[in-house]
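Novice: Show me how the following folds:
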Amino acid sequence: MSIQYKNRFLKFIQILMKILKEENQHAYRLAKILIRRSAETNDAQDESTSKSQLKNLQGQSRQLVGETLWHKAVQYLHVYLVRKRNTLFMRLVHINAVHRQKNVEEERARRKKYNEMKMR
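Specialist: So this is what the prediction gives:
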């Protein structure tokens with residue numbers, strides 16, 4: 001199981017817990033207990049059982065919250081991931097633009113220096 005999958009699932013759980021806190025306090029408390037138990041048993045186990053533990057947590061959480069809230073959390077996760085990707089893309093575009101501007105300024109300075117030397 002990849003680290004990316006685990007991180008995505010953790011973000012999903014965070015989103016799901018926020019939704020539950022606002023919409024269903026009882027399910028929120030039960031989910032909190034479920035996650036705590038899963039974390040306690042997961043600490044004592046190795047990587048091979050970690051995958052099944054994660055799938056088990058996913059199934060139990062889905063059953064606890066119901067399909068409506070589960071799909072709402074999935075939609076919010078997709079929105080989060082798209083925004084994160086766009087933010088990273090915009091940073092990359094900005095960094096590239098800064099580098100290009102720096103290169104242009106260096107080239108202008110180099111040409112100016114060359115032309116000054118040529119004039120002498």
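Novice: from here on, contacts and neighbour counts on C-alpha atoms
Specialist: Fine.
Novice: CA atoms of the helix or strand bottoming out on mean pLDDT in the chain as PDB?
Specialist: Every helix and strand of the chain was ranked by mean pLDDT, DSSP states H and E. The lowest is helix 47-65, at a mean of 82. Written as PDB, here are the backbone C-alpha positions of helix 47-65 (Å, rounded to 0.1, in the frame of the first residue of the first chain):
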ATOM      1  CA  GLU A  47       2.800  -3.600   7.100                       C
ATOM      2  CA  SER A  48       1.000  -6.600   5.700                       C
ATOM      3  CA  THR A  49      -1.800  -6.500   8.300                       C
ATOM      4  CA  SER A  50      -1.900  -2.700   8.100                       C
ATOM      5  CA  LYS A  51      -3.500  -2.900   4.600                       C
ATOM      6  CA  SER A  52      -6.300  -5.200   5.800                       C
ATOM      7  CA  GLN A  53      -6.700  -3.000   8.900                       C
ATOM      8  CA  LEU A  54      -7.100   0.100   6.700                       C
ATOM      9  CA  LYS A  55      -9.600  -1.700   4.500                       C
ATOM     10  CA  ASN A  56     -11.500  -2.800   7.600                       C
ATOM     11  CA  LEU A  57     -11.600   0.700   8.900                       C
ATOM     12  CA  GLN A  58     -12.800   1.900   5.600                       C
ATOM     13  CA  GLY A  59     -15.600  -0.600   5.500                       C
ATOM     14  CA  GLN A  60     -16.700   0.000   9.100                       C
ATOM     15  CA  SER A  61     -16.600   3.800   8.600                       C
ATOM     16  CA  ARG A  62     -18.700   3.600   5.500                       C
ATOM     17  CA  GLN A  63     -21.200   1.400   7.200                       C
ATOM     18  CA  LEU A  64     -21.300   3.700  10.300                       C
ATOM     19  CA  VAL A  65     -21.900   7.000   8.400                       C
END
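Novice: Tell me the first helix or strand C-terminal of that helix.
Specialist: Downstream of helix 47-65, the next assigned helix or strand under DSSP states H and E is helix 67-119.
Novice: Only the buried residues of the least confident helix or strand of the chain, if you could.
Specialist: Residues 50, 53-54, 57, 61-62, 64-65 are the ones in helix 47-65 that count as buried (16 or more other CA atoms under 10 Å).
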